[in-house]
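Colleague: predicted model and sequence follow; I will ask about them next.
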Amino acid sequence: MSKEFFEAVKMLEAEKGIPADYLYEKISAAIVVAAKHDFGGKDIVHCDIDPEKQKIKVYVTKNVVEEVEDPDTDLTLEQAQLIRKSAKVGKTIDIPLKTKNFGRIVAQTAKHVIRQGIREAERGQMLKEFQSKNQELLSARVSRVDPMTGNVTLEIGKNEAILPRAEQVPGEELCEGDITKIFVVDVKEGNKGPKIMISRTHPGLVRRLFETEVPEIFDGTIEIMSVSREAGSRTKIAVMSKEDDVDPVGSCIGPRGQRVSNIVDALGGEKIDIVKYSEDPAEFVAAALAPSDVVSVEILDEGAKSCRATVPDDQLSLAIGNKGQNVRLAAKLTGWKIDIKPESGFYEG
């Protein structure tokens, strides 16, 4: 095999990030599979690849016998001694094969197996790369938008992934060439390679955006306790500080609201309520109902986690929110069932 062969493998390693040793192993196996055809498929062919000396040695191991029973595996002593003078009956002998004599069909077989090996290696590399990004926030470029399904193909590094319509923010239009932020929900090994599940609606996207924008979250001073989200519309996030002199809500909003503003932009204008987490359920529920004021919160059943929040009459619709969204998100954020009651006790008809 020529010098060009070893250079090609080096190039594949550099371009596709596939280890050369892995490729040599696959190529060696491919050559063995191809060469075995000439010996009735018997397991007597070996291939050693030495990249340092840039040599490929292919040989057949045959038994030296007095009488040949199988010409594929046996040699007489006379035949063996023509190859190696020291050959003896009862021993084996390695017979070098010239790779150029394999013929066209053998070469094609080897090429196919090599190609398959490279594909497998690429899939393995891709799986490893995606697994390292599981539960992470990534920037991706829109390469294609399917007009029929609405699914979007995204370029993530050297790889591609599909963002299904169901995982896109309602009302958001992604166009070819756009750079967008996505959250890697899960990575699994599928039959046709790694299956990466990505989303723009997952609450994890908001978590990671806050980690990126708020250094105090990234370094662990502030902790995100819970997130509830209705993508494209509103998100509520509960935060707490591990240090008394650090205001968790103020830190997340940032100077002149810049930090939260950057996150709102990345989410296409989605509204974000940042609330202070409390171990006291009544306090936490009152905070979660922002932007509405809350007069009081009464715990109805601690085991069933149900409570009643009393709000000023003029804030009833704000507390409930459009189509019940505010109270729904507050319930999801706190884990409590929340019943809203106006201060006067009378509901407007």
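Modeller: Sure thing, it's come through. These numbers come from a predicted model, not from an experiment.
Colleague: can you give me the strands for the stretch 1-150 of the chain?
Modeller: Taking DSSP state E, counting those that start in this stretch to define them, one finds strands in the stretch 1-150 of the chain at 45-50, 55-65, 74-76, 92-97, 137-145.
Colleague: and the stretch 201-349 of the chain, by the same measure?
Modeller: Secondary structure of the stretch 201-349 of the chain by DSSP E, counting those that start in this stretch: the strands cover 222-230, 234-241, 271-276, 296-301, 306-311, 337-342.
Colleague: follow-up on the earlier one: turn the strands of the stretch 1-150 of the chain into a markdown table, including mean neighbour count and mean pLDDT.
Modeller: Yep, even glycine has a C-beta here, placed from its N, CA and C like the rest. Below are the strands of the stretch 1-150 of the chain laid out as a markdown table (neighbours: other CB atoms under 10 Å; pLDDT from 0 to 100):
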| stretch | mean neighbour count | mean pLDDT |
| --- | --- | --- |
| strand 45-50 | 17 | 89 |
| strand 55-65 | 18 | 90 |
| strand 74-76 | 17 | 93 |
| strand 92-97 | 16 | 90 |
| strand 137-145 | 16 | 94 |
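Colleague: where do the helices sit along the protein?
Modeller: Secondary structure of the chain (DSSP state H): helices at 3-16, 20-36, 77-83, 104-131, 203-213, 215-218, 248-253, 258-266, 281-288, 316-320, 325-334.
Colleague: rewinding a little: out of the strands of the stretch 201-349 of the chain, which one sits most buried?
Modeller: Greatest average neighbour count among these goes to strand 234-241 (a mean of 22), per mean count of other CB atoms under 10 Å.
Colleague: who does it pair up with?
Modeller: Next to strand 234-241 in the sheet, as set by DSSP bridges, lie strand 222-230 (antiparallel), strand 271-276 (parallel).
Colleague: list just the one of these that sits closest to residue 145.
Modeller: Proximity to residue 145 (CB to CB) singles out strand 222-230 among these, at 23.7 Å.
Colleague: tell me which of the helices of the chain sits nearest to residue 195.
Modeller: Set against residue 195 and scored by CB to CB, the helices of the chain come closest in helix 104-131, at 9.0 Å.
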